[in-house]
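*Asks:* pasted the sequence and its predicted model underneath.
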Amino acid sequence: MASLITAEEALAYGALTEHEEIEALVERAWEVRRENFGDSTDMCSLVNAKSGGCAEDCGFCAQSRYADADTVMHAMMEPEQILEHAKAAEAAGAHRFCMVTQGQGLSKRDFAKILEGAELVAEKTNLKRCASIGHMSVERAKSLKDAGIQRVHHNVESARSYYPEVSSTVRYEGRLRTIQAVKEAGLETCVGGILNLGETREQRVEMAFELTEINPTSVPINLLIPKDGTKFGDREVMDPWEVVQWIAIFRLVIPGALFRLCGGRVENLGSMHKLAVKAGLNGVMMGNFLTTLGAEPAEDREMFEELGLNVARQPDNGANPRPDNRSGWLEGETPGTPMDALIDHQDEAPMWDPSTQLRVVKKGTKAPSYPTAA
């Protein structure tokens with residue numbers, strides 16, 4: 001679907017400062033969202049299946065060996081542990097579940113655990129399945145599809161022109177090759193980035209239009225959480241009105257993609273989540289994130305329902321995901337869903353909780369300096 005505004009118009013919207021003008025922009029984005037998706041939603045949850053000890057130098061991430069910060073760490077989860085988190089996500093009202101790991105890619109042993117975990121989630125839950133496991137070949141992407149994965153997440157993180165400031169060890173071109181491999185395997189793509197890494201307004205618009213060329217099914221928007229010891233740790237969080245403003249701009253640039261707000265939303269948006277939904281979101285990342293705590297799932301569902309949106313499962317978000325695109329695979333009745341008896345609190349539905357479920361490891365030696373951008 002073609003963009004509804006030009007790059008020049010996007011820049012002009014990005015320069016708005018009056019709240020009334022931003023609210024008018026939000027109303028336009030809300031109309032676009034309703035026209036393309038009606039009242040449907042697409043709520044996600046993730047599990048940090050392998051955390052910490054990453055060799056890459058991504059400047060926003062505390063898991064990097066270059067970050068002079070305590071890091072959360074655990075080895076690859078067993079498939080049964082992945083399933084346990086998926087069941088909790090389903091009970092909390094998520095429509096889809098993503099298995100996430102650190103690093104550029106996985107060993108054969110860890111990749112096999114992701115495949116087995118995906119098969120269990122497909123067999124034992126009513127969730128859509130996603131994976132975010134770094135770079136991959138077409139062959140690996142096809143293996144994910146055969147195991148029941150339907151969508152692969154792989155961000156570009158920032159505009160191509162700013163990307164060298166974000167990472168030097170994970171190449172932008174490598175990210176594009178992985179996205180292409182995922183498409184060749186017949187899988188959906190989930191591609192977005194992080195705002196507030198020091199990029200200019202022009203570079204935010206650049207990233208938005210670069211995403212239109214990639215044409216992903218889903219666009220996750222993350223907001224920087226400045227963490228001491230990381231390259232971007234001394235930045236301030238975004239103003240909530242600026243967050244809302246840029247969600248609306250991205251919606252007008254990429255009107256046909258599913259939009260979700262992920263990491264950093266609690267810290268950056270505060271009480272303005274509802275206006276952010278109106279700015280064009282299809283869903284949010286429910287529960288907790290990779291290394292930080294999130295919002296209560298019940299509050300997220302209520303926020304969407306107050307805007308007249310439907311958080312129940314529907315045919316396009318997991319009401320009956322099997323056998324999806326693999327005719328004859330996993331034959332049998334679709335398992336029942338806990339949606340009729342939703343669990344509202346994380347102490348009852350143990351969504352991923354980094355504060356208790358991760359082992360915080362203090363780095364024994366001083367972290368190396370971040371490489372200088374080329």
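*Replies:* Received it, and whenever you're ready, just let me know what you need. Please read all numbers here as calculations on a predicted model, not as lab measurements.
*Asks:* buried residues in the helix ranked longest in the chain?
*Replies:* Counting residues, the longest helix found in the chain (DSSP state H) is helix 19-37. Using 16 or more other Cβ atoms under 10 Å as the test for burial, helix 19-37 gives 22, 23, 25, 26, 28, 29, 30, 32, 33, 36, 37. All C-beta atoms are positioned from the backbone trio N, CA, C, and that covers glycine.
*Asks:* list the contacts for the fourth one?
*Replies:* Residue 26 makes contacts with 244, 248, 275, 278, 279, as judged by Cβ atoms under 8 Å, 6 or more residues apart in numbering.
*Asks:* re earlier: tell me the helices and strands packed up against the following helix or strand past the longest helix of the chain.
*Replies:* Proceeding N to C from helix 19-37, the next assigned helix or strand is strand 44-50, under DSSP states H and E. Other elements packing on strand 44-50 under the criterion 3 or more Cβ pairs under 8 Å, 6 or more residues apart in numbering; DSSP states H and E are helix 79-91, strand 96-101, helix 108-124.
*Asks:* okay if I get the ones you listed as CSV plus mean neighbour count and distance to residue 58?
*Replies:* Formatted as CSV, those follow (neighbours: other Cβ atoms under 10 Å; distance: least, Cβ to Cβ, whole Å):
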stretch, mean neighbour count, distance to residue 58
helix 79-91, 21, 24
strand 96-101, 25, 14
helix 108-124, 19, 19
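*Asks:* make CSV from the ones you listed and add distance to residue 213 and mean pLDDT to it.
*Replies:* Converted to CSV, the helices and strands packed on strand 44-50 look like this (distance: least, Cβ to Cβ, whole Å; pLDDT from 0 to 100):
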stretch, distance to residue 213, mean pLDDT
helix 79-91, 32, 91
strand 96-101, 24, 94
helix 108-124, 29, 94
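*Asks:* quick one: which of the ones you listed is nearest residue 233?
*Replies:* strand 96-101 (21.8 Å; Cβ to Cβ).
*Asks:* now the angle between helix 79-91 and the closest one, please.
*Replies:* On the basis of axes from the mean of the first three to the mean of the last three Cα atoms, to 10 degrees, strand 96-101 is oriented at 140 degrees to helix 79-91.
*Asks:* tilt between strand 96-101 and strand 44-50?
*Replies:* Using the same axes, to 10 degrees: strand 96-101 against strand 44-50 is 20 degrees.
*Asks:* check which helices and strands strand 96-101 is in contact with.
*Replies:* Counting by 3+ Cβ pairs under 8 Å, 6+ apart, strand 96-101 packs on strand 44-50, helix 79-91, helix 108-124, strand 128-132, strand 151-153.
*Asks:* farthest pair within the contacts of residue 26?
*Replies:* Pairwise across those, and taking Cβ to Cβ, the largest span is found between 248 and 275, at 9.6 Å.
*Asks:* rounded mean pLDDT for stretch 198-207, please.
*Replies:* Taken as a whole, stretch 198-207 has a mean pLDDT of 98.
*Asks:* check stretch 35-52 too.
*Replies:* Stretch 35-52 comes out at a mean pLDDT of 91.
*Asks:* for that stretch, C-alpha coordinates in PDB please.
*Replies:* Coordinates of each C-alpha in stretch 35-52 appear next as PDB, following Å, rounded to 0.1, in the frame of the first residue of the first chain:
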ATOM      1  CA  GLU A  35     -10.100   2.100   7.500                       C
ATOM      2  CA  ASN A  36      -7.500  -0.600   7.000                       C
ATOM      3  CA  PHE A  37      -8.000  -2.800  10.100                       C
ATOM      4  CA  GLY A  38     -11.400  -2.000  11.600                       C
ATOM      5  CA  ASP A  39     -11.700  -2.800  15.200                       C
ATOM      6  CA  SER A  40      -9.300  -5.800  15.100                       C
ATOM      7  CA  THR A  41      -6.100  -5.900  17.300                       C
ATOM      8  CA  ASP A  42      -3.000  -8.000  17.300                       C
ATOM      9  CA  MET A  43      -1.500  -8.400  20.700                       C
ATOM     10  CA  CYS A  44       1.900  -9.900  21.200                       C
ATOM     11  CA  SER A  45       4.000 -11.400  24.000                       C
ATOM     12  CA  LEU A  46       7.600 -12.600  23.900                       C
ATOM     13  CA  VAL A  47      10.000 -14.800  25.800                       C
ATOM     14  CA  ASN A  48      13.700 -13.900  26.200                       C
ATOM     15  CA  ALA A  49      14.800 -17.500  25.300                       C
ATOM     16  CA  LYS A  50      18.500 -16.700  25.500                       C
ATOM     17  CA  SER A  51      19.900 -13.700  27.200                       C
ATOM     18  CA  GLY A  52      23.200 -11.900  27.900                       C
END
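*Asks:* in this structure, what spans have low per-residue confidence?
*Replies:* 71-72, 288-295, 320-365, 373-374 (pLDDT under 70).
*Asks:* now residue 102. Nearest residue, chain neighbours left out?
*Replies:* Spatially, and ignoring its direct neighbours in sequence, residue 102 is nearest to residue 54 (4.3 Å; Cβ to Cβ, 6 or more residues apart in numbering).
*Asks:* ramachandran angles for the one you found?
*Replies:* phi -80, psi 140 (degrees, to the nearest 10).
*Asks:* would you check that it makes contact with residue 64?
*Replies:* Yes: the pair residue 54 / residue 64 is scored as a contact, 5.3 Å apart, by Cβ atoms under 8 Å.
*Asks:* more neighbours, these two?
*Replies:* residue 64 (27 against 24; other Cβ atoms under 10 Å).
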